[in-house]
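A.B. asks: Sequence plus the predicted model coming up.
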Amino acid sequence: MGKALIIGCGGVASVAIHKCCQNSEAFEEICIASRTKSKCDALKEKLEGTTKTKIQTAQVDANNVDELIALIEKFNPDVVLNLALPYQDLTIMDACLECGCNYLDTANYEPKDEAHFEYSWQWAYQDRFKAAGLTAILGCGFDPGVTAIFTAYAAKHHFDEIHYLDIVDCNAGNHGMAFATNFNPEINIREVTQKGRYYENGEWVVTEPHEIHKPLNYPGIGERESYVIYHEELESLVKNYPTIRRARFWMTFGQEYLTHLRVIQNIGMARIDPIIYNGVEIVPIQFLKAVLPDPKSLGANYHGQTSIGCRIKGLKDGKERTYYIYNNCDHEQAFKETGTQAVSFTTGVPAALGASMWAKGLWRGAGVFNVEEFDPDPFLAELGEQGLPWHELFDVNLEV
Ligand code: NDP
């Protein structure tokens, strides 16, 4: 049915590419384009012969709009999946507009010199995508992504009004390393060392990093210490569901991980401003990324599960009710299928599925959309088959 250009060839992209190749009826042809072409070629070689999807590869610097335009004009895709880094969101959106191509990503734009993420930069493209009759789908990984689709599903089927939303993200896996991040280390460390932020009664409440925490019980896993951090889907969800009184995002961290993070910050290795070392300008966090384990390499020894979901309280037919919708994903199973661990798997599967929703004409529209603005039903009807089964619990103790 369609042609997709996939930009990036890291952990998340590898999973999405596996999934596109398993769904050849939606993705007849793909082009894998990234900064390091050899990684794209290696993946093409691995997948060719296992799929009907035709695969091309290309080199591209996604910071360069002209290079992107040349690539899009040459391959002529229906949709671009941006699975590179959040720094490249705007250049890729610019190139899509220039070439009349649709767009999807998994993380909102962040300027490289400021650890700050919000949707304003990408929402500012609304009029241009609308005028061009093109669809831009923002944040179609797991969180953001499935968590917002879970919320849309709850609002559609189980609540007249959502009042309290707590997104809970637990990684109970063990990769056997003293310290490693589960996705791009630079983006991950920037995200988790920020101040906490949550929404309450129409305002954003700012906390010190990891200031609010409590043990929460995760299905099939048990109790894990969970910390309130800021996460981007909160911004679009409180806008799209104005009955929400409080929205928070909780993530589990082990003590060992937090200790390493504190040391990394204290010794200046989390700095994002350039310093001069031996006469050369380097950015400490980028140097750190180069010496930390590649998240893609963690899969082989990763055991245990992730559990991500939404805990919701609100009203249905005038009565208060609680609801918990979640997915558990097993690191070993994810590795067996795609050669990557569960964090990349839970992000790459929804990205490919969101693109296939667009390709099948189920998620369409002119403008810039967060995923909760589309119909959650066809997406969730397929999510389990694609490897991420989900479960619902009604009227349970939400603990939050
Ligand atoms: P990786 O670092 O593993 O991969 C990033 C890829 O992008 C690499 O192939 C890299 O190339 C490529 N790349 C980087 N810069 C450029 C550039 N200028 N031009 C072309 N290609 C470039 O990251 P992940 O796969 O772990 O993460 C990918 C995205 O997914 C990130 O935006 C991350 O924030 C997001 N994410 C979203 C989640 C969600 O649930 N919504 C969860 C986890 C991640 P090279 O190989 O040369 O380095």
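C.D. replies: Nice, thanks for sending it over.

A.B. asks: from memory Ile212 sits against Tyr227, does it?
C.D. replies: Yes. Using Cβ atoms under 8 Å, Ile212 and Tyr227 qualify as a contacting pair, with a distance of 7.0 Å. C-betas here are computed from N, CA, C, even on glycine.

A.B. asks: So these two - more neighbours on which side?
C.D. replies: More neighbours surround Tyr227 than the other of Ile212 and Tyr227, with 19 against 15 (other Cβ atoms under 10 Å).

A.B. asks: What is whichever strand or helix holds the more buried one packed up against?
C.D. replies: Tyr227 is located in strand 222-228, with elements delineated by DSSP states H and E. If you count contacts as 3 or more Cβ pairs under 8 Å, 6 or more residues apart in numbering; DSSP states H and E, strand 222-228 packs onto strand 161-171, strand 196-200, strand 213-218, strand 246-252.

A.B. asks: would CSV of the ones you listed with distance to Gly367 and mean pLDDT be doable?
C.D. replies: Shown next, in CSV, are the helices and strands packed on strand 222-228 (distance: least, Cβ to Cβ, whole Å; pLDDT from 0 to 100):
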stretch, distance to Gly367, mean pLDDT
strand 161-171, 24, 98
strand 196-200, 24, 97
strand 213-218, 36, 98
strand 246-252, 23, 98
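
A.B. asks: Any chance of the ones you listed in a markdown table with mean neighbour count and distance to the ligand as columns?
C.D. replies: Conversion of the helices and strands packed on strand 222-228 to a markdown table gives the following (neighbours: other Cβ atoms under 10 Å; distance: least, Cβ to the nearest ligand atom, whole Å):
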| stretch | mean neighbour count | distance to the ligand |
| --- | --- | --- |
| strand 161-171 | 22 | 9 |
| strand 196-200 | 19 | 18 |
| strand 213-218 | 16 | 17 |
| strand 246-252 | 22 | 11 |
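
A.B. asks: mind giving me TSV with those strands and columns for distance to Lys316?
C.D. replies: Listed next are the helices and strands packed on strand 222-228 as TSV, based on distance: least, Cβ to Cβ, whole Å:
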stretch	distance to Lys316
strand 161-171	8
strand 196-200	22
strand 213-218	24
strand 246-252	18
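
A.B. asks: can you pull out the helices in the stretch 101-250 of the chain?
C.D. replies: 120-123, 126-132, 146-157, 185-192, 233-240 (DSSP state H, counting those that start in this stretch).

A.B. asks: Looking at these, which one is packed in the most?
C.D. replies: Ranked by mean neighbour count, these are led by helix 146-157 with a mean of 24 (mean count of other Cβ atoms under 10 Å).

A.B. asks: what's the angle from it to strand 246-252?
C.D. replies: Relative orientation of helix 146-157 versus strand 246-252 (axes from the mean of the first three to the mean of the last three Cα atoms, to 10 degrees): 140 degrees.

A.B. asks: Mind giving me the packing neighbours of helix 146-157?
C.D. replies: strand 161-171, helix 233-240, strand 305-316, strand 319-330, helix 342-359, helix 376-383.

A.B. asks: Return the most buried member of those.
C.D. replies: Among the helices and strands packed on helix 146-157, highest average neighbours (mean count of other Cβ under 10 Å) belong to helix 342-359, with a mean of 28.

A.B. asks: right, is it up against the ligand?
C.D. replies: Yes. For helix 342-359, a contact with the ligand is found by Cβ under 6 Å from any ligand atom, at 343-344, 347.

A.B. asks: Dump that helix to PDB, restricted to CA.
C.D. replies: C-alpha atoms of helix 342-359 as PDB (Å, rounded to 0.1, in the frame of the first residue of the first chain):
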ATOM      1  CA  ALA A 342      12.000  -4.100  25.700                       C
ATOM      2  CA  VAL A 343      12.400  -0.300  25.900                       C
ATOM      3  CA  SER A 344      13.300  -0.100  22.200                       C
ATOM      4  CA  PHE A 345      10.600  -2.700  21.500                       C
ATOM      5  CA  THR A 346       7.800  -0.900  23.300                       C
ATOM      6  CA  THR A 347       8.700   2.300  21.300                       C
ATOM      7  CA  GLY A 348       9.300   0.800  17.900                       C
ATOM      8  CA  VAL A 349       6.200  -1.300  17.700                       C
ATOM      9  CA  PRO A 350       3.800   1.700  18.200                       C
ATOM     10  CA  ALA A 351       5.700   3.800  15.800                       C
ATOM     11  CA  ALA A 352       5.300   1.200  13.000                       C
ATOM     12  CA  LEU A 353       1.700   0.600  14.000                       C
ATOM     13  CA  GLY A 354       0.900   4.300  14.000                       C
ATOM     14  CA  ALA A 355       2.400   4.600  10.500                       C
ATOM     15  CA  SER A 356       0.300   1.700   9.400                       C
ATOM     16  CA  MET A 357      -2.800   3.300  10.900                       C
ATOM     17  CA  TRP A 358      -2.000   6.300   8.600                       C
ATOM     18  CA  ALA A 359      -1.200   4.000   5.600                       C
END
